[in-house]
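Asker: Let me see the structure of the following:
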Amino acid sequence: MIPESVSRVLALHGLKALEFEPGSTPTAPMAAARIGVEVGQIAKSLVFKAKDGAYHMVVCAGDKRINSGKLKALIGSKASMADADETLRVTGFQPGGVCPFGVSGVTIWIDESLSAWPTVFPAAGTDATGVPTTYEQLLAITGGSRSAVTD
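Answerer: Next up is the predicted model:
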């Protein structure tokens with residue numbers, strides 16, 4: 001079931017999530033296969049903790065990897081991937097269902113790797129969802145900033 005905070009954001013912006021059986025979209029390859037799109041169209045949301053304790057979410061194409069040097073240059077310090085407990089605590093979402101909608105207290109970066117696709121699919125707060133949207137909509141709805149931190 002899609003969290004209420006996410007449902008409100010989607011409704012406000014006229015977006016509708018695709019919903020599947022639980023556990024069917026926790027990874028970019030699984031989500032792409034279930035939705036029927038390329039892995040790069042899956043907008044994976046990754047949470048990092050900077051040395052100063054601040055959390056950052058990078059939303060990037062599902063077929064890309066984060067370049068740690070580029071991320072460090074962007075945020076101004078070294079960062080490590082948040083563990084499952086930290087991710088849940090700071091976003092309200094379990095890994096596999098982390099989404100950039102309805103999140104507060106986390107800086108959001110939308111990687112340019114997603115701009116290659118006319119439609120991208122972030123999760124909607126569960127491991128069984130995808131939201132068809134665009135790169136520009138992701139920027140506008142989340143208040144995220146453009147970034148280039150993938151290889």
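Asker: Report the contact partners of the spatially most central residue of the chain.
Answerer: Nearest residue to the geometric centre of the chain (Cα atoms, centre = their mean): S45, 2.4 Å. Counting by Cβ atoms under 8 Å, 6 or more residues apart in numbering, S45 makes contact with M57, V58, V59, T91, V98, C99, P100, P122, A123. For every residue, glycine as well, the C-beta is placed using N, CA and C.
Asker: if you set the cut-off to 6 Å instead, what comes out?
Answerer: Residues near S45 by Cβ atoms under 6 Å, 6 or more residues apart in numbering: M57, V59, V98, C99, P100.
Asker: What is the nearest of these to A79?
Answerer: M57 (11.2 Å; Cβ to Cβ).
Asker: how about that closest one, secondary structure?
Answerer: Following DSSP: H, G, I helix; E, B strand; the rest coil, we place M57 in the strand state.
Asker: Tell me how many other residues crowd it.
Answerer: 23 (other Cβ atoms under 10 Å).
Asker: distance of the closest residue to D52 other than its chain neighbours from G53?
Answerer: If the residues on either side of it in the chain are set aside, D52 comes closest to S77, at 6.1 Å by Cβ to Cβ, 6 or more residues apart in numbering. Note on S77: its distance to G53, by Cβ to Cβ, to the nearest Å, is 10 Å.
Asker: just checking, V58 touches I110?
Answerer: No: if you go by Cβ atoms under 6 Å, V58 and I110 don't touch, sitting 8.2 Å apart.
Asker: quick one: strands adjacent to the top strand by length along the chain?
Answerer: Using DSSP state E, we find that the single longest strand of the chain is strand 42-50. If you go by DSSP bridges, strand 42-50 pairs up with strand 55-61 (antiparallel), strand 79-81 (antiparallel), strand 121-122 (parallel).
Asker: Out of these, flag the one nearest F20.
Answerer: strand 121-122 (11.6 Å).
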